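>>> Model the structure of this input:
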Amino acid sequence: MSSALAGRLTGGRYVDVNIDRDAAARYGLNVADVHSVVTAAIGGDNIGETVEACSASLSTCATHARMRDSVEKIRTLPLSRSAARRSASADVAEVKINDGPPMLKSENARLSGWVYVDIRGRDLQLRGARHAARGR
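This next block holds a predicted model:
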């Protein structure tokens with residue numbers, strides 16, 4: 001064997017937003033309302049489409065990078081415009097950042113981890129054929 005390399009299992013950062021349905025309802029919001037605001041603020045939201053000749057492009061709206069660079073700033077996202085019922089995302093959801101894999105890989109809808117093996121001077125197909133013949 002020349003070398004083996006396993007896929008990275010850590011190094012990614014994920015923003016987890018756990019919405020408290022009861023708290024959202026007290027502010028007159030539902031899960032879709034909260035999800036829409038948080039999604040648009042963190043990752044942007046498509047607000048329109050422009051078609052010119054044979055090409056189309058989406059127009060996206062997102063908050064400035066300074067607004068979404070920390071959990072504390074995400075927690076202060078305003079959710080309602082009503083002066084009587086002002087709320088921020090921290091009032092109706094728990095927002096935290098968790099570590100995880102930099103990329104999720106799956107095969108047949110099952111999560112998988114990959115190990116890459118570089119073998120020189122060996123015929124892997126022949127070895128596999130011998131094992132298959134023994135099993136019959």
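
>>> which stretches of this protein form helices?
21-26, 31-43, 71-75, 89-92, 124-135 (DSSP state H).

>>> Can I get the third one as CSV, trimmed to CA atoms?
Extracted in CSV, the C-alpha atoms of helix 71-75 (Å, rounded to 0.1, in the frame of the first residue of the first chain):
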residue,chain,number,x,y,z
VAL,A,71,-24.3,33.9,17.2
GLU,A,72,-25.1,37.0,19.3
LYS,A,73,-25.9,39.0,16.2
ILE,A,74,-28.1,36.3,14.8
ARG,A,75,-29.9,36.1,18.1
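
>>> and that helix, what other elements does it pack with?
helix 31-43, helix 89-92, strand 93-100 (3 or more CB pairs under 8 Å, 6 or more residues apart in numbering; DSSP states H and E). To be clear about C-beta, it is placed using only N, CA and C from the backbone, and glycine gets the same treatment.

>>> Pull out the buried positions in it.
74-75 (16 or more other CB atoms under 10 Å).

>>> so where is the protein shaky, pLDDT-wise?
For the chain, the stretches flagged by pLDDT under 70 are 1, 62-69, 80-85, 122-136.

>>> before we move on, back to that, nearest to residue 74, out of the helices and strands packed on helix 71-75?
Closest approach to residue 74 among the helices and strands packed on helix 71-75 is made by strand 93-100 (5.1 Å; CB to CB).

>>> send the alpha carbons of that closest one over as CSV?
Extracted C-alpha coordinates of strand 93-100, given in CSV (Å, rounded to 0.1, in the frame of the first residue of the first chain):
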residue,chain,number,x,y,z
ALA,A,93,-35.4,30.1,19.3
GLU,A,94,-32.1,28.7,20.6
VAL,A,95,-29.3,29.6,18.2
LYS,A,96,-25.9,27.9,18.5
ILE,A,97,-23.0,26.9,16.3
ASN,A,98,-21.9,23.3,16.2
ASP,A,99,-19.0,21.6,14.7
GLY,A,100,-19.4,18.8,12.1
